[in-house]
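In: Quick check, what structure comes out for this input:
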Amino acid sequence: MNFLYYIIYLYLFSLLYLKINTNEEDIINDITIDEYNSLLNWAKKNSLNITNNIKLEFSETEEKEQYKAINNISKGEIILDIPLNITININTFYDYFSSLNLKDKYEKYLKKIEKSKEMINDKSYISQSFMAFLFYKINNDIGNNKANPELNKFNDNYKHLFYLFKEDLSHIPSSFTDEKKNTFMNTSFSSFFYLMNQYLIGESNILKENIFKEEINLDEYFKYRFILLQKTYNISNTITLVPFVDFIKKDFNNDNINCKLVVHKNHIRIKTIKNIKKGDLLILKQKKMTNQYSYFFYGKAYDELIDYVPSFIIPVIIPGILIDEGFKLDIDENGEENKIDLVWDKFYEIVLPTYQEIMHLLKKDESEINSYNLFLKYLKLIRDSIKTNTADELDDIFDNEQDIHNVERIIQGEIIFLNKKIKELENVINTIKNREVIKNKDNKNSKDKEFDQDL
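Out: Down below sits the predicted model:
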């Protein structure tokens, strides 16, 4: 979390900038009525069952098309019954593009990432990236008139699902200018952002250089990459792109949830879990995630996730912590051995030996109190650096209220978290002080008693 470190980060951001096209004419927030009707007719012909008790309508609160009850719906009713044959997963591509030997390519891709220490070795994540490239390639080949019988057949059957890729990605931080990205400098989200960008570029390089051996337009590939992460589900241990579910509102509050997604015999079902009144939106449970993850991949940060911080990693100490005393430490702040997660129980005890060593180098009292006070100073520096991003500055930089609120939530969440950790450490310091006061008092009483006895 060093401040010079983040200046370097900002420079790297400009090098790793994943520029996703977000021109106004490219942004489509909602499916058109004609597109929806075509999708619905195609899906019904392919065994989709959908209740007559819901209708797709524009939601003012959600600012997009959502399913709403047009009649009262009883608990336990199946709203949607989506067969797997109208979804897309990795096996779909195997079936349609046999000439590309995709199964062999995917196995090779899995092994390549497994051997890499700089990639996320998660099959869901890997599957999404591989499918993103295939969608990118399909779109690119169609645009360059490279169609073939396999591609034509796939396109004819699944063209109705391509509405899923008409998404506004302008709120995703990777689409931001450097000035906008600078608003979350000095936050832990900054390092998360940089790390995830590295992963995305790393996977695209493997796909380009080792698997498909063809150039990739990063602008286009990342559009599919982000959307697939947003709109795929793990169905029977297979990452699957599912239509219609995106028309249902998602919420973190269990009290608001009125339906759930269940998988039953190759069907994806949306089933009510309570009575739903006419006029109410259908609401599914939103997957629990951190604001960091949600903001990076979905372009959304939530008030409900402000306090959800499962990890907050910082360097144990930075070279410039004593710069005001004219002393710069010779420390590799980026080394793995110089990392600590502040969510760990009694995190302060883990760093104590390091800070006692620093106090020893400075030829100062290396007591617990003095060492903890130096660590406390460091935590406050981190917090205060995050506070430098003010609301007025955000208003000047962002035109969109959603972007302002997202950045504010990231900043506010980290300040709240650090305030808690600072308070926890202050309480520890006060406990030690009180303990020493009692100890000194007991020693004094003991000496007084010995003196009285001597008399």
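In: wait, Ile404 sits on Asp396?
Out: No. Between Ile404 and Asp396 there is no contact under CB atoms under 8 Å: 10.3 Å. Quick note: C-beta positions are derived from backbone N, CA and C, even for glycine.
In: out of those two, which sits in the more crowded spot?
Out: More crowded of Ile404 and Asp396, by other CB atoms under 10 Å: Ile404, with 16 against 10.
In: dump the residue contacts of the more buried one.
Out: Listed by CB atoms under 8 Å, 6 or more residues apart in numbering, the contact partners of Ile404 are 391, 394-395, 398.
In: Tell me the confidence at it?
Out: pLDDT recorded at Ile404 is 94.
In: next one: Lys64
Out: 84.
In: Verify the stated contact: it with Phe58.
Out: Yes. Using CB under 8 Å as the test, Lys64 is close enough to Phe58 to be in contact (7.2 Å).
In: Which one's more surrounded, these two?
Out: Lys64 (15 against 12).
In: Phi and psi next, for that one.
Out: Phi and psi for Lys64, reported as degrees, to the nearest 10, are phi -160, psi 170.
In: What distance do you get for it to Phe247?
Out: 9 Å (CB to CB, to the nearest Å).
In: and stretch 163-176, average pLDDT?
Out: 91.
In: what's the answer for stretch 73-86, then?
Out: Stretch 73-86 comes out at a mean pLDDT of 96.
In: Where does the residue lying closest to Lys387 once chain neighbours are set aside fall, secondary structure wise?
Out: The shortest distance from Lys387 to any non-neighbouring residue, by CB to CB, 6 or more residues apart in numbering, is to Ile415 (6.3 Å). According to DSSP states H and E, Ile415 maps onto helix 401-454.
In: Now do that helix: distance to the chain's middle.
Out: Offset of helix 401-454 from its chain centre (CA atoms, centre = their mean, to the nearest Å): 33 Å.
In: cool, and stretch 214-221?
Out: Put simply, stretch 214-221 sits 22 Å off its chain's centre (CA atoms, centre = their mean).
In: For it, list every residue counted as buried.
Out: Within stretch 214-221, the residues that count as buried by 16 or more other CB atoms under 10 Å are 216, 218, 220-221.
In: For Phe58, I want the exact helix or strand it lies within.
Out: strand 54-59.
In: Give the next helix or strand downstream of that strand.
Out: strand 64-69.
In: returning to what we had before: mark which of the buried residues of stretch 214-221 are part of helices, please.
Out: Here DSSP state H is the test, and the buried residues of stretch 214-221 give 218, 220-221 as lying in helices.
In: Out of these, flag the one nearest to Asn434.
Out: Leu218 (58.0 Å; CB to CB).
In: And the closest one, how far from Phe347?
Out: On the measure of CB to CB, Leu218 and Phe347 end up 38 Å apart.
In: Which residue ranges of the protein form helices?
Out: Counting by DSSP H, the chain has these helices, from start to end: 3-16, 33-45, 90-96, 102-115, 123-143, 149-158, 178-181, 188-206, 218-231, 291-298, 347-361, 368-387, 391-397, 401-454.
In: For these, give me CSV that also has distance to Val262.
Out: Converted to CSV, those look like this (distance: least, CB to CB, whole Å):
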stretch, distance to Val262
helix 3-16, 40
helix 33-45, 19
helix 90-96, 21
helix 102-115, 28
helix 123-143, 19
helix 149-158, 24
helix 178-181, 40
helix 188-206, 31
helix 218-231, 18
helix 291-298, 23
helix 347-361, 40
helix 368-387, 42
helix 391-397, 42
helix 401-454, 32
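In: Number of residues surrounding the residue lying closest to Leu329 once chain neighbours are set aside?
Out: Of all residues not flanking Leu329 in the chain, Pro319 sits nearest, at 4.7 Å (CB to CB, 6+ apart). By other CB under 10 Å, 17 other residues sit near Pro319.
In: just His267 next, same as before
Out: Neighbours around His267, by other CB under 10 Å: 18.
In: Would you mind confirming that it is in contact with Asp81?
Out: Yes. His267 is within contact range of Asp81, at 5.5 Å (criterion: CB under 8 Å).
In: partners of Asp251 in the sheet?
Out: Lys285 (DSSP bridges).
In: Assess the claim that it and Gln286 are in contact.
Out: Yes. The criterion here is CB under 8 Å, and Asp251 meets it with Gln286 at 5.6 Å.
In: still on that earlier bit, where's the residue nearest to Leu329 relative to Leu56, distance?
Out: 57 Å.
In: Repeat that for Thr431.
Out: 59 Å.
In: of those two, who's got more company?
Out: Leu56 (17 against 10).
In: Which residue comes closest to the more buried one once chain neighbours are left out?
Out: Per CB to CB, 6+ apart, closest to Leu56 is Glu65, 5.2 Å.
In: tell me the contacts of the residue positioned nearest the centre of the chain?
Out: Nearest to the mean C-alpha position of the chain, by CA atoms, centre = their mean, lies Tyr293 at 1.0 Å. Not one residue lies near Tyr293 by CB under 8 Å, 6+ apart.
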